[in-house]
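K.L.:
Turn this into a model:
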Amino acid sequence: MKKKVAIIFGSGGQDGFYLSDLLTNIGVNVIKISRNSGDVIGDVSDREFVEENIKLYTPDFIFHFAAVSSTRHDYIFQNNEAISNGTINILESARLFSPNTKIFLSGSALQFTNKGIPIDEKAPFDLTSTYSISRIYSVHMGRYFREKFGLKVYIGYFFNHDSPLRGESHINQKIVAHAVRIKNGSNEELVIGDIEIKKEFNYAKDLMNAIWMLINQDLIFEAVIGSGKSYTIKEWVEYIFKKLNLNWENHIRLNESYISDYKELVSNPQTLKKIGWEPKTNFYELADMMLDSELKKQRIN
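P.N.:
I've put the predicted structure just below:
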């Protein structure tokens with residue numbers, strides 16, 4: 001039997017790593033594509049490059065993860081190129097050369113109007129940043145190709161997810177790395193904004209299992225992907241520092257002038273649960289995993 005083939009555009013991040021690992025373990029031939037690493041080096045915003053690879057592999061699955069993880073206006077062009085142009089390049093190339101391919105487009109919790117209540121995939125979109133605008137454009141283009149040409153286009157709206165592979169530009173990993181360095185004798189101080197913000201603390205590997213379940217059925221084509229359980233950043237800080245026998249209040253200073261875009265960002269994952277998905281890793285298990293990894297990285301026992 002011929003092995004199934006999957007292309008992952010934007011394979012260099014944590015999502016690409018965990019999805020590639022999942023697919024490889026079940027016998028799927030994974031083609032990892034990224035600007036800086038992977039099996040093929042290239043940019044999803046390059047139409048000819050995307051077309052060439054889709055023609056070459058005629059994959060069973062395409063996953064579009066390429067993006068810039070920032071909502072800052074400064075990244076207006078990068079987000080447009082990776083998310084918006086990347087989406088249209090993938091969809092049109094698939095329409096022309098691989099119309100039976102199942103395509104997954106990444107969405108984000110940040111593209112929805114957030115009124116502090118659980119968000120599902122039917123919630124209205126909100127033009128809060130150039131990042132959200134690029135995501136919204138991607139969704140509408142995916143719907144267009146699904147309805148106009150019959151392409152099987154799936155969209156998953158990711159809520160916050162982390163892993164030991166996160167960099168320190170992400171607050172949860174920044175807190176972990178900061179705490180471990182203090183345990184190692186550093187006297188550094190970490191400045192954090194509003195620690196009462198509530199959000200989800202999902203494990204990236206769990207969410208990759210969710211999108212694999214989503215793309216392997218034909219009843220649901222859009223779903224929020226999250227646990228539906230929220231915790232404050234303060235709870236994360238307290239747990240990490242307590243595990244290291246440290247008092248967080250001695251090492252973290254709050255930025256009183258910081259104003260968050262939201263007070264709570266949490267999903268309503270009932271649609272995803274209809275196809276049988278449940279997260280396997282809870283808040284505390286994720287914290288332990290990331291802390292253990294950082295301790296090994298910094299060689300502290």
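K.L.:
Contacts for the longest helix along the chain, please.
P.N.:
The residue-count maximum for a helix in the chain (DSSP state H) belongs to helix 130-149. Defining contact as CB atoms under 8 Å, 6 or more residues apart in numbering, one finds that helix 130-149 is touched by 64, 67-68, 70-71, 73, 75-76, 79-80, 82-84, 87-88, 91-92, 94-95, 99, 103, 105, 107-108, 110-111, 125-127, 151-153, 155, 221-222. Every residue, glycine included, has its C-beta placed from N, CA and C.
K.L.:
just stretch 216-231 next, same as before
P.N.:
So stretch 216-231 is in contact with 107, 109, 118-121, 139, 146, 152-161, 198-202, 207, 210-211, 214, 264-269, 271-272, 274-275, 279, 282-283, going by CB under 8 Å, 6+ apart.
K.L.:
elements contacting the helix or strand bottoming out on mean pLDDT in the chain?
P.N.:
Every helix and strand in the chain was compared by mean pLDDT, DSSP states H and E; the lowest is helix 76-79, with a mean of 88. Packing partners of helix 76-79 (3 or more CB pairs under 8 Å, 6 or more residues apart in numbering; DSSP states H and E): helix 130-149.
K.L.:
The stretch 51-200 of the chain: helices as residue ranges?
P.N.:
Secondary structure of the stretch 51-200 of the chain (DSSP state H, counting those that start in this stretch): helices located at 76-79, 86-97, 130-149, 171-183.
K.L.:
Residue nearest the middle of the protein, spatially speaking?
P.N.:
Nearest residue to the geometric centre of the chain (CA atoms, centre = their mean): residue 158, 5.5 Å.
K.L.:
helix/strand/coil for residue 220?
P.N.:
coil (DSSP: H, G, I helix; E, B strand; the rest coil).
K.L.:
Just checking the distance from whichever strand or helix holds residue 205 to the centre of its chain.
P.N.:
According to DSSP states H and E, residue 205 maps onto helix 204-215. From the chain centre to the centre of helix 204-215 is a distance of 11 Å (CA atoms, centre = their mean, to the nearest Å).
K.L.:
pLDDT on it, on average?
P.N.:
Averaging pLDDT along helix 204-215 gives 98.
K.L.:
same thing with stretch 142-162?
P.N.:
Rounded mean pLDDT across stretch 142-162 is 98.
K.L.:
And residue 155, how far from residue 99?
P.N.:
Separation of residue 155 from residue 99 (CB to CB, to the nearest Å): 18 Å.
K.L.:
between these two, which one's more packed in?
P.N.:
Legend: neighbour count by other CB atoms under 10 Å for residue 155 and residue 99, higher for residue 155 (24 against 13).
K.L.:
rewinding a little: now the buried members of the contacts of stretch 216-231.
P.N.:
107, 109, 118-121, 139, 146, 152-161, 198-202, 207, 210-211, 214, 264-269, 271-272, 279, 282-283 (16 or more other CB atoms under 10 Å).
K.L.:
Among the residues you listed, which lie within strands?
P.N.:
Those of those mapping onto strands are 107, 152-158, 161, 198-200, 202, 264-265, per DSSP state E.
K.L.:
now, the most widely separated pair of the residues you listed?
P.N.:
Spatially, the most separated pair among those is 152 and 198, at 35.0 Å (CB to CB).
K.L.:
my guess is residue 9 meets residue 67, correct?
P.N.:
No - applying CB atoms under 8 Å as the test, residue 9 and residue 67 come out as separate, 10.0 Å apart.
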